[in-house]
Structures are given as structure tokens and as C-alpha cells.
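S.K.: show me the folded form of this:
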Amino acid sequence: MPKAYWVVTYRSMKNPDAWKAYAKLARPAIESSGGRFLALNDPAKTYEAGLKERVVLVEFDSLDKALACHDTPAYKEALKVLGTGNVERDMRVVEGK
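M.R.: Numbering: from 1, shown residues only. Model (predicted):
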């Protein structure tokens, strides 16, 4: 069964305190659902049309586990703390090969 990945980029962070509160809840919620953080940083270098945005890459054992994690009560609580309008981000779930 192929692994799956959450790929998140942060375009802007309007409220760093809300993001910090989110991160404090999100990390254990994701890890308790089997997610493994592979990257949590700004790009070391960008090429082509790449943007210098924070990137978070989380690996899961399957697509089902990656999708289920987003819908857990613990992660939903983290999203609630993040609120709306505090950050602008792009989140994708991608299945590996």
C-alpha cells in the first residue's frame, strides 16, 4: 500500500500567536494518528517559480490514514484554535508510489 503525505505551505502568517497555539495542538494530534514529520522549515533554496514559504511535510502509512487524521477531534480542535484569517496556507494530501 502506498504511503501518503500532507504537503503544507504557509503563504503568510498574520497572527503568529494563533499559529503557535495551533502547532502546539496539531503536532501531537498528527503524531497520534501515525503522522511522521519529515520537514518543518523554510526552503533552503528555491528554483523555477518556487516561493520562499514555510513547508511542512508529513508522512502517513496510507492515504486512508492521512485523510482520517484531518478529521480527528484532536486535529479539528487544533484547526479551531488556528481560526480563520490568521494564516494563509495551502494544504494537499498526496498519495505516494
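S.K.: how about the helix or strand containing Leu67: buried residues?
M.R.: Taking DSSP states H and E as the definition, one finds Leu67 inside helix 63-70. Buried residues in helix 63-70, counted by 16 or more other Cβ atoms under 10 Å: 63, 65-66, 69. (C-beta placed from N, C-alpha, C; glycine too.)
S.K.: how about the strands in this structure?
M.R.: 4-13, 36-41, 54-60, 87-95 (DSSP state E).
S.K.: what angle do the longest one and strand 54-60 make?
M.R.: The one in question is strand 4-13. Put simply, strand 4-13 runs at 160 degrees to strand 54-60, going by axes from the mean of the first three to the mean of the last three Cα atoms, to 10 degrees.
S.K.: packing partners for strand 4-13?
M.R.: strand 54-60, helix 63-70, strand 87-95 (3 or more Cβ pairs under 8 Å, 6 or more residues apart in numbering; DSSP states H and E).
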